[in-house]
Structures are given as C-alpha cells and as structure tokens.
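S.K.: here is the input, now give the coordinates:
(2 chains)
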Amino acid sequence: GAGVSQTPSNKVTEKGKYVELRCDPISGHTALYWYRQSLGQGPEFLIYFQGTGAADDSGLPNDRFFAVRPEGSVSTLKIQRTERGDSAVYLCASSLRSSGRRGEQFFGPGTRLTVL
Amino acid sequence: AQTVTQSQPEMSVQEAETVTLSCTYDTSESDYYLFWYKQPPSRQMILVIRQEAYKQQNATENRFSVNFQKAAKSFSLKISDSQLGDAAMYFCAYRTQGGSEKLVFGKGTKLTVNP
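M.R.: Sure thing, here's the model as predicted:
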C-alpha cells in the first residue's frame, strides 16, 4: 500500500504570502501529526489530529498557523503572512491509532518551504 | 516536559566496523517508548528500532541494537557491520503514553560511513 504522501515537495514563496501544505496519510490511519524541522534540528511537534478534530495543537507557534482535516483523512497545514523564519521542512506522519505498538508513526517525505 | 539530548553532532565509522550513537532523555514518566529514526537526504524518516520502557531487555533489529539504561535515562544505538547505506542523520525520539503520543526528538547525529 502507499505510504504517507505530501505535496508539494518544495514550495518557494515570498514573505507575507499565504501557503497551504497537503498531507495524505496511510489509508485507515486515524491519527495524523504535523512536525516542523528547521535546518540542523530535529523535528518539532506542531499539531495532532485524531479523526477530524485537532486533539492537541500545543505546538503551533502562533495564530498564523492553522491545520484542518475535515473528513478525517487528508490534512492541510495553512500558514498566513509567511515570514522568513517559517522556512523549514514540514513533515507529516500518520498512525493506525494512538496506542501502544500500533501507534508507530509513519512519516511522509516532507515539504520544504522556503520564504524569500 | 520531556527533553532528548544527542551530544554527538557528527560521527564517522569505517565500513564493516561498529559505531555507537548516544542519546539521553529527561522525563518524570515511568511508561514510555523510545525510538531511533534514520533520515537520509531524501528526508523520509525511517524507523530503525523501538524500545518500550517497561521492558528490561534491550531491543535488537538485525545489525541494530540499543543499550537502554532506564535509571540513567540513556538510550544508545549500536550499529554493527556498518554499511555505506547506513550513512544518514539519526534521531533519537521519545514518545509518551496516552494523550497525543507526540514524538520529542533530539537534534540528531550525522553518521558518515567511510569505505
């Protein structure tokens, strides 16, 4: 079966613009995570969905960041008024359920966002 | 809050030799999972090995094994018979039980394998 996919692979935008990053999780995975990986750092948690609802958004850095998962499958991370500091790789991961061994997170290849 | 520390920004090893990557973490929880992920230049995070904190036995996966010292909060990765394909960034990660079960990552160790 297909793994987690993310589009676009790379996104270049100008400061102040709006961007949307898409994540297609593994079919049937109810849990979906977004992480941000800045240059030279490990991934940092942004938001977690269980089904359609954002169960934990404590990692979103400010109100310019928002994410949705309206049908409990595909998720979109939205960034308003982008800033140069938003430049990073945005990783998406999904898991079968948030519990025990079956909670293993499978990652997508990420979207590299560059804000000029 | 949990923290994960990888004190070795870079490591190198000769092909066929053994290398150990270090990781320490801080938590007040008693039940959790620890992971080592590999990230090649393609950016795809690949799970290498997992350890459940309540299990005293160290996890092994083929050439990869861990040395889990719960009291010391240490979780090192040993790669035996290193291969050129092992070259990548390696991240240690902590996952809590319950709640979001988000992963907390260290800053990573870049492993170079020399032929």
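
S.K.: number of residues surrounding A:Pro25?
M.R.: 27 (other CB atoms under 10 Å in any protein chain shown). C-beta here means a position set from N, CA and C on the backbone, and glycine is covered the same way.

S.K.: I'd say it and A:Gln6 touch.
M.R.: No. Checked against CB atoms under 8 Å, the pair A:Pro25 and A:Gln6 is beyond contact range at 9.9 Å.

S.K.: for the two, list the residues in contact with both.
M.R.: Common neighbours of A:Pro25 and A:Gln6, using CB atoms under 8 Å, 6 or more residues apart in numbering or on different chains, are A:Cys92.

S.K.: and A:Ser99, what pLDDT?
M.R.: At A:Ser99, the predicted lDDT confidence score is 54.

S.K.: A:Gly51 too?
M.R.: pLDDT, A:Gly51: 89.

S.K.: residues touching it, list them.
M.R.: Shown in contact with A:Gly51 (CB under 8 Å, 6+ apart): A:30, A:69, A:72.

S.K.: the residue of chain B found nearest chain A - how many residues pack around it?
M.R.: Per CB to the nearest CB, B:Phe105 is where chain B lies closest to chain A, at 3.2 Å. B:Phe105 has 22 neighbours, counted by other CB under 10 Å.

S.K.: is the closest residue to it other than its chain neighbours within a helix or a strand, and which one?
M.R.: Distances taken as CB to CB, 6 or more residues apart in numbering or on different chains place A:Gly42 nearest to B:Phe105, at 3.2 Å, with adjacent residues excluded. Using DSSP states H and E, A:Gly42 falls within no helix or strand.

S.K.: next, count neighbours for A:Gly42.
M.R.: Count around A:Gly42 with other CB under 10 Å applied: 22.

S.K.: same check, this time on the one 4 residues further on
M.R.: By other CB under 10 Å, 22 other residues sit near A:Leu46.

S.K.: that one - that's part of a strand, no?
M.R.: Yes. Assessed with DSSP: H, G, I helix; E, B strand; the rest coil, A:Leu46 lies in a strand.

S.K.: A:Trp34 is in contact with that one, correct?
M.R.: Yes. Using CB under 8 Å, A:Leu46 is in contact with A:Trp34, at 4.2 Å.

S.K.: name the residues of stretch B:69-83 that are buried.
M.R.: B:73, B:75-79, B:82 (16 or more other CB atoms under 10 Å in any protein chain shown).

S.K.: ditto for stretch A:2-16
M.R.: In stretch A:2-16, counting by 16+ other CB under 10 Å, buried: A:4, A:6, A:11, A:13.

S.K.: I'd like the mean pLDDT over that stretch, please.
M.R.: Per-residue scores along stretch A:2-16 average to 96.

S.K.: same check, this time on stretch B:33-42
M.R.: Here the average pLDDT along stretch B:33-42 is 94.

S.K.: do any residues in that stretch lie close to chain A?
M.R.: Yes. Stretch B:33-42 lies within reach of chain A by CB under 8 Å from any CB of the partner chain, at B:33, B:37, B:42.

S.K.: ok, and the closest non-adjacent residue to the last one?
M.R.: Put plainly, it is B:Ser42. A:Pro109 is the one closest to B:Ser42 (CB to CB, 6+ apart), at 6.4 Å.

S.K.: residue numbers of chain A in contact with chain B?
M.R.: Contact residues, chain A versus chain B (CB under 8 Å from any CB): A:31, A:33, A:35, A:40-45, A:48, A:55-56, A:59, A:89, A:91, A:93, A:95, A:98-101, A:103-110, A:112.
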